[in-house]
Every structure is written in structure tokens, then in C-alpha cells.
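Here's a sequence, model it:
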Amino acid sequence: MKALVALILLVQLPIHKAVPAAPPAPLGCDDPESEAAAEVAVSYINGHSRHGYKFALNRIENIRVLPQGPNNDIIFLEVDLLETTCPILSPTLLANCTVRSFTDHAVEGDCDVKLQKLNGQLSVLASKCHSHADSSEDIIQICPDCPLLARLNDTEVLAAVTAALNDHNSKTTDAYLKLLEIGRARIQYNPAHVVSAEFAVAATNCSAAEAKANVESCQLLPDDQSNFGFCTATKVIRPTEDLSVDCQLYGHQVPTPGVPFLSRVSQPPGQDATAGINPSVVQGFPNHNLKLSHNNPVASESSSAEFPTVARSVAKRAVAEVAQRDKGIHPVGFVPLPPPCPGKIRHFKI
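All right, here's what the predicted structure looks like:
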């Protein structure tokens, strides 16, 4: 009998259900964790690009965190970047690179990046980027006399680069240089007709003097000795013809594992670098597209299509919560929204 009474009393005891833990507050685009993820993403993008210039963070457009388990999160990040004046092969740290000014015909990059944060360590799983130059109309509206970006395969640009590289090689006592790619070019027509160009070069196994005797025998240095550089040139066509060129070699650099050298990417098989750059890369475009220069094998996993949905969802919640706060109403488990995405603009908006 006592056992039966005890069983009845046990059954009648109230059952306390476990209260699920409140979900963590969502990240804001300007939160330190978001900025840390963006820094890793930008470093990865620059480290795996082999054309054009380094890009710097301008704004975090959106971020979404999907918990996968203890100390394991998947992060979807959308960032806006701006082109700097540092060539992609330059050893200069990104922190010391200057963002190209708006009137210098800026180039913007848009990237979706998928990262993993495992035990506090961030790593990039996939990325997808594209870039575009600001519209000519925007530049002319602010600076009517500023020269605009020209197509990289423009005949005047190609002529200026060829003349500049030949001029450098004819005067140098160092290694004979070959063209890797044209980085950017601008043409001004008034008050003077001027072509300005920037281009990447590489040292060969010939001196300039040896190249004069037999230029066909000059080959790019092997990977373990490679020496890349960069040149800037200005060719005045009228009123008086003039040419100036300045080239700088960076010295040998250890490449990023799994990323081919620029010299191995730019040239089709059997094509000499002095013959120009791969038409498929720059045909008809004023800038190197990140989409073309950086193609991660798992870029299809970037799930960039999720970002618009996330943005609309966050915006809808923000409107609802503002209305509730105005009425002094707070729902159960209310968590204030972080600063709205997109985040702050660090330089300027294109």
C-alpha cells in the first residue's frame, strides 16, 4: 500500500519542462566579429587573385551566422570593396595601400563569401566576386576634365605600353623585362592628348644587352627565381610627343600555395609575353574583373542567393520592433536588433 501511495504522489508531482536557451543576438554589420570575418575574407580574396590590383574593404553589406554545433558556425558575408593603387603582385601590405580616389575612376568589387568559425578560428570556404568601374557619367559630373578609364586592348594603350617597355629595356643595364598584363589605362584628349598606363612585368634570364642580340632566347625566370614588377608610363601624343616610364621590380616572392603565378595565367600556351596579354582576359574591358581573376573551385557553395532573403527578413523585423517600441510593447524573448545592415562606408560610395 505504501508503495502504491508513493507512486501516486510521484505521478502528481509537477513536471518542469526545460526552457530552451535564448538564441544569441544577431551580428550587426559593424560589430567587431563581423569586421574580423570581413578582414579574413578580403585577405583571402587578394591572396587568391592574380590580376589587377589589391582591394580594400569599403562596407559590409550583410552578414548571416548559421550555428552548426558547439564552437562551430557558418558565416555568410556580403562585402563591398574598392580597388587600391597596389598591384596584386606588390609585397606592400594592404594596410599600407591607398584606395584609388573617386576622380581616378574608381573600381568597386562586390563579393559573397562563405566562412567557417571553428573553435574561434575563421577560414574561408568559398567566395564569389565581380568588379566594375564607376560610370563615366559619375566621373564627368564631378570632374569634367578628368581622364576616363580606357579599354585595356585599346590600340593607343597597346602602342603606349609597347613604346614604354621598349624604352625601358633600351636604357636599363639590368634584366630584360617582358610584359605580363596591362593593369589600367586612361586617355585624355584635352587640353593635351595623353595616354597613361600601368602594367605588370617580369624579369627574364637575359640582360638587356643579351636581349638585343637574341630576344627570342629570353625566357621568364622559373618559379623559384621569379621576379615580378610594375611600370607606370605616360605618352604625350600632342601637342608635342613625349614618353616617360618608370619600372620597379619587387624581388622574388614565395607564391600562395595552390595559386598559379600571374605569368602562368596571362599567357596562352606558346605565346610570348611581349606579344601582349591574353585577349580573353581583357577584351573590351577597362578593368580586370575579380570574377575572372579569382575562381575558387567551391565558389558555387557561396549561397549568395540567401543574402537578399536575409536582408528582407531583417528589415521586416526591424520595422515591427520599431513599431512595438513606439507603443512600449516588447515581445517575450525580445532582443534589440543590432545596428542595421549595411554597415558604415569606410571610403566613399560608388
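
okay, and for the chain, where does confidence drop off?
Flagging of the chain using pLDDT under 70 yields the residue ranges 1-25, 255-284, 291-339.

Pick out the residue nearest the middle of it.
Phe55 (4.3 Å; CA atoms, centre = their mean).

mind listing what that one touches?
Residues near Phe55 by CB atoms under 8 Å, 6 or more residues apart in numbering: 42, 45-46, 49, 81-84, 109, 131, 290. C-beta coordinates here come from the backbone N, C-alpha and C atoms, glycine included.

Specify which member of these is nearest to Leu149.
For the contacts of Phe55, the residue nearest Leu149 by CB to CB is Glu83; the value is 10.8 Å.

what about that closest one, neighbour count?
Around Glu83 there are 26 other residues, counting by other CB atoms under 10 Å.

Repeat that for Asp167.
Counted with other CB under 10 Å, residues neighbouring Asp167 total 16.

Next, it: phi, psi?
Here is the backbone geometry of Asp167 (degrees, to the nearest 10): phi -60, psi -40.

Looks like it contacts Cys247 (just checking).
No - the pair Asp167 / Cys247 is not scored as a contact, 10.0 Å apart, by CB atoms under 8 Å.

ok, which pair from the contacts of Phe55 is furthest apart?
Farthest pair in those (CB to CB) is Ser49 and Leu82. Separation: 14.2 Å.

re earlier: to which secondary structure element is the residue nearest to the centre of the chain assigned?
strand 53-69 (DSSP states H and E).

In CSV, list the C-alpha atoms belonging to that strand.
Provided in CSV are the C-alpha atoms of strand 53-69 (Å, rounded to 0.1, in the frame of the first residue of the first chain):
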residue,chain,number,x,y,z
TYR,A,53,45.1,45.3,-58.0
LYS,A,54,44.5,44.6,-54.4
PHE,A,55,41.1,45.5,-53.0
ALA,A,56,40.3,47.1,-49.6
LEU,A,57,37.1,46.8,-47.6
ASN,A,58,34.6,49.7,-48.1
ARG,A,59,31.4,48.3,-46.5
ILE,A,60,30.0,45.2,-45.0
GLU,A,61,26.6,44.9,-46.8
ASN,A,62,25.2,41.9,-44.9
ILE,A,63,26.1,39.0,-42.6
ARG,A,64,24.3,35.9,-41.5
VAL,A,65,25.5,33.3,-39.0
LEU,A,66,24.3,29.7,-39.0
PRO,A,67,25.3,27.7,-35.9
GLN,A,68,26.4,24.2,-36.8
GLY,A,69,27.2,22.9,-33.3
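
For it, buried residues please.
Buried residues in strand 53-69, counted by 16 or more other CB atoms under 10 Å: 53-65.

following that strand, which helix or strand comes up?
Using DSSP H and E, the helix or strand that follows strand 53-69 in sequence is strand 72-87.

Now the helix or strand following that next one: buried residues?
Sequence-wise, the next helix or strand downstream of strand 72-87 (DSSP H and E) is strand 107-118. Under the neighbour-count criterion of 16+ other CB under 10 Å, strand 107-118 has 107-115, 117 buried.

show me what contacts Cys143?
Going by CB under 8 Å, 6+ apart, Cys143 touches Thr103.

Roughly how far does it sit from Glu137?
Distance, Cys143 to Glu137, using CB to CB, to the nearest Å: 12 Å.

residues touching the closest residue to Arg346 other than its chain neighbours, list them.
Distances taken as CB to CB, 6 or more residues apart in numbering place Asn58 nearest to Arg346, at 5.4 Å, with adjacent residues excluded. Applying CB under 8 Å, 6+ apart to Asn58 gives the contacts 79-82, 99, 108, 345-349.

And the helices in this structure?
For the chain, the helices defined by DSSP state H occupy 2-12, 32-47, 136-142, 155-171, 208-213, 262-266, 279-282, 290-293, 306-326.

which outside residues touch the second one?
Outside helix 32-47, the residues that touch it by CB under 8 Å, 6+ apart are 27-28, 54-57, 60, 63, 75, 77, 79, 81, 88, 94, 109, 111, 113, 115, 117, 122-124, 127, 129, 256, 259, 290, 294, 343.

what's the answer for stretch 215-231, then?
87, 89-90, 164-165, 168, 175-178, 180, 183, 198-206, 210-211, 245-253, 255, 261-263, 273-274.

Over to stretch 340-350?
Residues from elsewhere that reach stretch 340-350, judged by CB under 8 Å, 6+ apart: 28-30, 34, 56-63, 80, 82, 99, 102, 106, 108, 134, 138, 311, 314-315, 318.

Just give me how far it sits from the chain centre.
Mean-position distance between stretch 340-350 and its chain equals 16 Å (CA atoms, centre = their mean, to the nearest Å).

got the CA positions of it in PDB?
Extracted C-alpha coordinates of stretch 340-350, given in PDB (Å, rounded to 0.1, in the frame of the first residue of the first chain):
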ATOM      1  CA  PRO A 340      21.200  47.900 -39.300                       C
ATOM      2  CA  CYS A 341      23.000  46.400 -42.300                       C
ATOM      3  CA  PRO A 342      24.600  47.600 -44.500                       C
ATOM      4  CA  GLY A 343      27.400  48.900 -42.300                       C
ATOM      5  CA  LYS A 344      29.300  52.100 -42.400                       C
ATOM      6  CA  ILE A 345      31.100  53.300 -45.500                       C
ATOM      7  CA  ARG A 346      34.800  53.500 -44.900                       C
ATOM      8  CA  HIS A 347      35.800  55.500 -48.000                       C
ATOM      9  CA  PHE A 348      33.100  56.600 -50.500                       C
ATOM     10  CA  LYS A 349      30.100  55.100 -52.200                       C
ATOM     11  CA  ILE A 350      30.000  54.300 -55.900                       C
END
